[in-house]
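K.L.:
Below are the sequence and a predicted model for it; my questions follow.
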2 protein chains.
Amino acid sequence: MILSTKGRYGLKAMFELGLQYGNGPIPLKIIAERQNIPENYLEQLIAILRKAGLVKSVRGAQGGYLMQRSPEEVTVGQVLLALEGPMAPAECVADPEAPKCKLASGCVTRGVWEKINNSIHNVIDTMTLQNMIEDQVSSIEKE
Amino acid sequence: MILSTKGRYGLKAMFELGLQYGNGPIPLKIIAERQNIPENYLEQLIAILRKAGLVKSVRGAQGGYLMQRSPEEVTVGQVLLALEGPMAPAECVADPEAPKCKLASGCVTRGVWEKINNSIHNVIDTMTLQNMIEDQVSSIEKE
DNA sequence: TAAATATCCGACTAAATTTGTCCGATGACT
DNA sequence: AGTCATCGGACAAATTTAGTCGGATATTTA
Ligand code: FES
Ligand code: FES
């Protein structure tokens, strides 16, 4: 269960946009270079993030992408949800509308999925891009 | 990031084997019926679990499958590892040998993956099949 | 106005994974 | 001998992954 490159590349890209927040747009080319992501592929990923309302774009020369909201307001969970779908082990714990196992004995794995789901979301829904940036800064200071 | 049916079916099957532990082998057909899993497909999954040393088999009439070790000794994590591969968001936190991002600035997502990885493993490596069985029993008692 | 920059959109693809199905061989019990 | 059940491998449709490419559009700059 390794995440796909969508989520892995996408979060790296969002980090770069977070760093740049408040300083105007940054083109994909720069992000792709800095994070070592195929530029043409990143184009597709950022389109998903744009449609999810996390990123906005400025076309033309000197254009590029910016975060729609500030890094404090965007969680890792929001980014991963857009790119990877629900970060849950099973549909039934991701979506209250989703069908549940209808076995006579009840579902024997539901409790496990719930615990895993809670522990994942406890991390990704509380961690913001701003937190990531701060962590990075303090890890560089230590050197 | 929903788990595949491998992990979801497989854990259900292991639960049934855990229930049966100490009472001789149980055929796949029964497990498939009880948990509503395509029998022919489950055959493939149990082969993986057998090769992983979690399950052993008895061929012939009155044969079937049994747990190799007791339900207290088998964690959810061991089952999911066999069926889904490493339960980590990225290779680099799953395997100490795996290559790390070698960017001048260091990897900006590593910390996030580590936190997610720890929170997942905190659940799945401490929860045993025996725990699942106990949870199920107490949830039935409450009715 | 022309050129350069950069997003936008859709098409296309190879490879891998998922989610099974099916069949014949083998082994064990009655 | 017949039945039960695992074992092994082949096959395959559908989906996802991980890109690549080309052309259209919008904006700035020279
Ligand atoms: S109710 Fe979700 S796996 Fe059973
Ligand atoms: S070192 Fe693991 S994602 Fe960068």
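P.N.:
The structure has been received and is ready for your questions. This is a predicted model, so every value here is computed, not measured. Ligands and ions are numbered 1, 2, ... in the order given.

K.L.:
C-alpha only now, for contacts and for neighbours.
P.N.:
Noted.

K.L.:
Closest residue of chain A to ligand 2?
P.N.:
residue A:8 (7.0 Å; C-alpha to the nearest ligand atom).

K.L.:
Number of residues surrounding that residue?
P.N.:
Per other C-alpha atoms under 10 Å in any protein chain shown, the neighbour tally for residue A:8 reads 19.

K.L.:
so what secondary structure elements neighbour the helix or strand that it is a member of?
P.N.:
According to DSSP states H and E, residue A:8 maps onto helix A:5-19. With contacts defined as 3 or more C-alpha pairs under 8 Å, 6 or more residues apart in numbering or on different chains; DSSP states H and E, helix A:5-19 has these neighbours: helix A:28-35, helix A:39-51, strand A:64-67, helix A:76-84, helix A:129-141.

K.L.:
Show residues contacting the shortest one.
P.N.:
In this structure, residues lying in contact with strand A:64-67 by C-alpha atoms under 8 Å, 6 or more residues apart in numbering or on different chains are A:14, A:17-18, A:20-21, A:24-28, A:54-58.

K.L.:
Find the residue closest to the residue nearest the centre of chain A in space, skipping its chain neighbours.
P.N.:
Geometric centre of chain A, nearest residue: residue A:79, 2.1 Å, by C-alpha atoms, centre = their mean. In space, not counting the residues next to it along the chain, residue A:79 is nearest to residue A:11; the distance is 6.6 Å by C-alpha to C-alpha, 6 or more residues apart in numbering or on different chains.

K.L.:
Give me the residues contacting the helix or strand of chain A with the lowest mean pLDDT.
P.N.:
Ranking every helix and strand in chain A by mean pLDDT, DSSP states H and E puts helix A:129-141 at the bottom, with a mean of 91. Residues outside helix A:129-141 that contact it (C-alpha under 8 Å, 6+ apart) are A:14-15, A:18-19, A:71-76, B:108-109, B:111-112.

K.L.:
what angle separates it from helix A:76-84?
P.N.:
Using axes from the mean of the first three to the mean of the last three C-alpha atoms, to 10 degrees, one finds that helix A:129-141 and helix A:76-84 are set 110 degrees apart in direction.

K.L.:
residues near residue A:73, how many?
P.N.:
Neighbour number of residue A:73 under other C-alpha under 10 Å is 12.

K.L.:
Next up, the contacts around it.
P.N.:
Residue A:73 neighbours (C-alpha under 8 Å, 6+ apart): A:128-129.

K.L.:
quick revisit: redo the helices and strands packed on helix A:5-19 as JSON lines? Include distance to residue A:2.
P.N.:
Below are these laid out as JSON lines (distance: least, C-alpha to C-alpha, whole Å):
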{"stretch": "helix A:28-35", "distance to residue A:2": "19"}
{"stretch": "helix A:39-51", "distance to residue A:2": "18"}
{"stretch": "strand A:64-67", "distance to residue A:2": "27"}
{"stretch": "helix A:76-84", "distance to residue A:2": "11"}
{"stretch": "helix A:129-141", "distance to residue A:2": "21"}
